[in-house]
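Asks: got a predicted model here, sequence first, then my questions.
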Amino acid sequence: MITEQLSILAIDDDDGDADLLRRALVGISMFQIEFAHVPNSEMARDLLRARSFDLIFVDHMLGSENGVKVIEQFRRSGELLPIIALTGRGDEFVVRELMKKGADDYLTKRELTPDLLRRSIEQARSRFHQRRLESLNKQLANDLRQQNDVLAVKNRRLADLCNTAHEFVDHVSHEFRTPLTVIKEFASIMRDGLAGEPSEEQCEYLGIIINRVEDLCVLVDDMLDTSKLEAGLLGFNRQDLEIGDIIGRLEKPLLQKAAANGSTLEFEIPDNVPAVYCDGEKAGRVITNLIINALKFCGNPGHVKLVVSPNHELSEICISIEDNGRGIPQKDLELLFQRFKQLEEGAKSGYKGFGLGLSIARDLVHLNLGDISAHSELNHGSTFSFTLPFANRRALINRYLRRVGHFRNDIFTLSIIEIRYENELDEEDELAIGRRLSHSIRRSDLLIKNCPGQWLLVAAGNAKEYSPLVNRLKKQFSREHSHLELNTNQEPLIEELGTWDAGFGTKEFMKQFNECVSAMESVHA
């Protein structure tokens with residue numbers, strides 16, 4: 001079992017209570033605890049200046065000090081670390097003041113069990129990561145406003161959207177996800193006989209509960225993804241992948257879902273399908289969404305089939321999900337991918353939702369530079385299909401140029417930025433750097449791994465955006481500011497190779513891009 005190193009600072013004037021906390025923390029199997037204890041806030045600040053910690057526990061009563069004031073002072077000084085407050089008793093007024101002044105969570109000392117501590121730590125760290133992201137977003141927004149007055153209005157809008165998205169994610173996470181997970185887990189425990197052997201009828205009822213909880217989880221995921229898409233916060237990581245690997249990770253749970261539905265699910269994937277360029281998690285989400293929809297509306301007995309078809313002429317694969325349901329009237333096909341639209345057939349069938357699933361699927365397909373469509377005939381079933389591009393650099397850039405206009409509603413230029421490491425990187429560093437780069441770009445940009453240790457970033461925007469983008473990348477990957485834990489100490493060379501007008505300069509842009517790809521192909525031939 002892999003354990004995580006966790007460095008914890010406890011501020012408590014009672015050595016006995018601190019030792020009880022330490023022993024409870026050591027009992028959490030998923031963490032390897034490094035524990036430090038000080039009796040007051042002054043010693044805590046000295047220790048925090050001398051070394052780093054992952055989390056702080058603060059006792060509510062600290063002799064002559066008050067834990068509420070200590071937490072408030074930490075937050076006012078800009079301390080972002082997760083803080084968990086400890087109280088002798090669960091007084092509602094005390095708890096409200098502790099949370100108001102900046103505690104991420106609280107526990108009464110009689111509740112110090114490893115399980116409760118683990119959950120409290122996870123909750124506090126989740127809030128810490130959110131707080132750190134908010135702090136980073138604010139700093140980036142301020143930098144952009146200082147450098148570009150033209151973008152001031154858009155930056156304020158982005159900040160509002162970020163705050164809305166964070167509030168939405170936090171609300172849904174606390175109000176829906178935790179209870180749904182608990183319901184599902186306990187229902188699974190009962191169905192599997194871990195709490196006593198259930199009858200056949202009870203197993204059936206528990207299976208219904210689990211399926212309905214999974215449906216609710218899908219609705220929550222749809223709401224979360226919609227919020228992130230609206231706010232521009234949905235990260236993506238496009239890379240070269242095998243479609244068989246993407247589908248293989250989904251096959252078992254989808255087959256279980258089909259079996260619970262009393263339907264059959266078939267996969268038809270030919271051999272030697274070319275690699276695709278996409279975000280595998282987003283492509284998998286689309287496949288899951290379409291198959292679950294097909295299982296809901298297939299016939300009786302139900303049959304759903306996934307078919308993968310390569311199209312070498314268009315340099316793409318087509319993934320089709322076919323069902324044997326009643327079909328969809330032609331007049332309704334054009335409504336399928338509109339947000340908050342639910343067809344009359346779905347309402348009659350008893351399946352409730354927000355009408356977000358297919359809209360999100362469309363947006364995720366577009367992020368992967370593909371297209372999605374639906375074909376249906378009444379009494380002959382329906383087929384939903386979407387495409388993913390081959391991992392062919394030259395075909396991919398043409399597809400990107402056709403798609404990029406949909407991501408921006410202004411006149412823009414195209415810039416090629418090269419990110420290159422001179423010395424060889426190991427596989428772990430390559431993956432970490434690729435992920436960081438992917439989450440540093442916008443949906444209108446294209447990141448391509450050209451060869452080991454080298455990436456090409458095609459950025460779409462106006463000329464004033466590129467210098468801040470290059471400077472931001474240099475800052476993120478500098479040894480001084482980067483939070484990446486890499487095995488290499490070298491910094492990348494980040495260079496803008498040129499900027500071209502998207503309307504009139506695409507020929508010169510394509511020439512430069514192809515030269516970059518050809519140069520690396522000849523080196524690694």
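Replies: Perfect, thanks for sending it. Residues are numbered from 1 along each chain as shown.

Asks: from now on I want contacts and neighbour counts done on CA atoms only, so please keep to that.
Replies: Noted.

Asks: close enough to count as contact, residue 254 and residue 289?
Replies: No: using C-alpha atoms under 8 Å, residue 254 makes no contact with residue 289, being 10.3 Å away.

Asks: would you confirm that residue 280 contacts residue 244?
Replies: No: if you go by C-alpha under 8 Å, residue 280 and residue 244 don't touch, sitting 10.8 Å apart.

Asks: which of the two has more neighbours?
Replies: Using other C-alpha atoms under 10 Å, the more surrounded residue of residue 280 and residue 244 is residue 280, with 22 against 15.

Asks: what sits against residue 514?
Replies: residue 394 (C-alpha atoms under 8 Å, 6 or more residues apart in numbering).

Asks: with only the CA atoms kept, save the helix or strand it falls within in CSV.
Replies: Taking DSSP states H and E as the definition, residue 514 sits inside helix 506-523. Written as CSV, here are the backbone C-alpha positions of helix 506-523 (Å, rounded to 0.1, in the frame of the first residue of the first chain):
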residue,chain,number,x,y,z
THR,A,506,-2.0,30.7,-42.5
LYS,A,507,0.3,29.7,-45.5
GLU,A,508,3.4,31.1,-43.8
PHE,A,509,2.2,29.7,-40.5
MET,A,510,1.8,26.2,-41.9
LYS,A,511,5.2,26.5,-43.5
GLN,A,512,6.9,27.2,-40.2
PHE,A,513,4.9,24.5,-38.4
ASN,A,514,5.8,21.9,-41.0
GLU,A,515,9.5,22.9,-40.8
CYS,A,516,9.5,22.4,-37.0
VAL,A,517,7.9,18.9,-37.4
SER,A,518,10.1,17.9,-40.3
ALA,A,519,13.3,19.0,-38.5
MET,A,520,12.5,16.8,-35.5
GLU,A,521,11.4,13.9,-37.7
SER,A,522,14.8,13.9,-39.4
VAL,A,523,16.6,14.1,-36.1
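
Asks: any buried residues in it, and which?
Replies: Under the neighbour-count criterion of 16 or more other C-alpha atoms under 10 Å, helix 506-523 has 509, 510, 513, 516 buried.

Asks: that helix - what's its average pLDDT?
Replies: For helix 506-523, mean pLDDT rounds to 78.

Asks: again with stretch 386-396
Replies: Averaged across stretch 386-396, pLDDT comes to 90.

Asks: okay, buried residues for that stretch please.
Replies: Quick answer for stretch 386-396 (16+ other C-alpha under 10 Å): 386, 387, 388, 389, 390, 391, 393, 396.

Asks: equivalent analysis for stretch 472-491, please.
Replies: Buried positions in stretch 472-491, judged by neighbour count with 16+ other C-alpha under 10 Å: 473, 474, 476, 477, 478, 486, 491.

Asks: now stretch 67-86, how far from the centre of its chain.
Replies: 28 Å (C-alpha atoms, centre = their mean, to the nearest Å).

Asks: and stretch 111-122, by the same measure?
Replies: Centroid separation for stretch 111-122 versus its chain: 25 Å, with C-alpha atoms, centre = their mean.

Asks: same thing with stretch 140-149?
Replies: Centroid displacement of stretch 140-149 relative to its chain, using C-alpha atoms, centre = their mean, is 26 Å.

Asks: same check, this time on stretch 318-337
Replies: Taking C-alpha atoms, centre = their mean, the mean C-alpha location of stretch 318-337 is offset from the chain mean by 28 Å.

Asks: what does it rub up against?
Replies: Stretch 318-337 is contacted from outside by 290-291, 294-295, 297-299, 302-311, 341-343, 345, 358-359, 362, 374-388, using C-alpha under 8 Å, 6+ apart.

Asks: in helices, which of those residues fall?
Replies: 290, 291, 294, 295, 297, 345, 358, 359, 362 (DSSP state H).

Asks: farthest-apart pair in the buried residues of stretch 386-396, please.
Replies: Taking C-alpha to C-alpha as the measure, these span a maximum distance of 20.2 Å, between 386 and 393.

Asks: wait, is residue 370 part of a helix?
Replies: No: assigned with DSSP: H, G, I helix; E, B strand; the rest coil, residue 370 falls outside any helix and is coil.

Asks: just the C-alpha atoms of the helix or strand hosting residue 470, please, in PDB.
Replies: With secondary structure defined by DSSP H and E, residue 470 is part of helix 463-476. Taking Å, rounded to 0.1, in the frame of the first residue of the first chain, the C-alpha atoms of helix 463-476 are listed here in PDB:
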ATOM      1  CA  ALA A 463      -0.500  40.100 -30.400                       C
ATOM      2  CA  LYS A 464      -0.500  41.600 -26.900                       C
ATOM      3  CA  GLU A 465      -1.400  38.200 -25.400                       C
ATOM      4  CA  TYR A 466       1.700  36.300 -26.500                       C
ATOM      5  CA  SER A 467       4.500  38.000 -24.400                       C
ATOM      6  CA  PRO A 468       2.600  37.600 -21.200                       C
ATOM      7  CA  LEU A 469       1.900  33.900 -22.100                       C
ATOM      8  CA  VAL A 470       5.600  33.300 -22.800                       C
ATOM      9  CA  ASN A 471       6.600  35.100 -19.600                       C
ATOM     10  CA  ARG A 472       4.000  33.100 -17.600                       C
ATOM     11  CA  LEU A 473       5.400  29.800 -19.000                       C
ATOM     12  CA  LYS A 474       8.900  30.800 -18.100                       C
ATOM     13  CA  LYS A 475       7.900  31.800 -14.600                       C
ATOM     14  CA  GLN A 476       6.000  28.500 -14.100                       C
END
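
Asks: check which element follows that helix along the chain.
Replies: Defined by DSSP H and E, the subsequent element after helix 463-476 is strand 493-501.

Asks: which other residues reach that following strand?
Replies: If you take C-alpha under 8 Å, 6+ apart as the criterion, strand 493-501 is touched by 412-422, 463, 470, 473-474, 506, 508-509.

Asks: for the protein, longest helix please?
Replies: Longest among the helix segments of the chain by residue count, using DSSP H, is helix 114-147.

Asks: list the helices and strands that helix packs on?
Replies: The helices and strands touching helix 114-147, judged by 3 or more C-alpha pairs under 8 Å, 6 or more residues apart in numbering; DSSP states H and E, are helix 15-26, strand 83-87, strand 105-108, helix 152-172.

Asks: in its sheet, what does the shortest one sit against?
Replies: Okay, so that is strand 105-108. Strand 105-108 pairs in its sheet with strand 83-87 (parallel), by DSSP bridges.

Asks: gap between the partner strand and the chain center?
Replies: Using C-alpha atoms, centre = their mean, the mean C-alpha position of strand 83-87 is found 29 Å from that of the whole chain.

Asks: ok, stretch 262-277 next?
Replies: Relative to the mean C-alpha coordinate of its chain, stretch 262-277 is positioned 25 Å out (C-alpha atoms, centre = their mean).

Asks: what residues of it count as buried?
Replies: For stretch 262-277, the neighbour count (16+ other C-alpha under 10 Å) marks 263, 264, 265, 269, 273, 274, 275, 276, 277 as buried.
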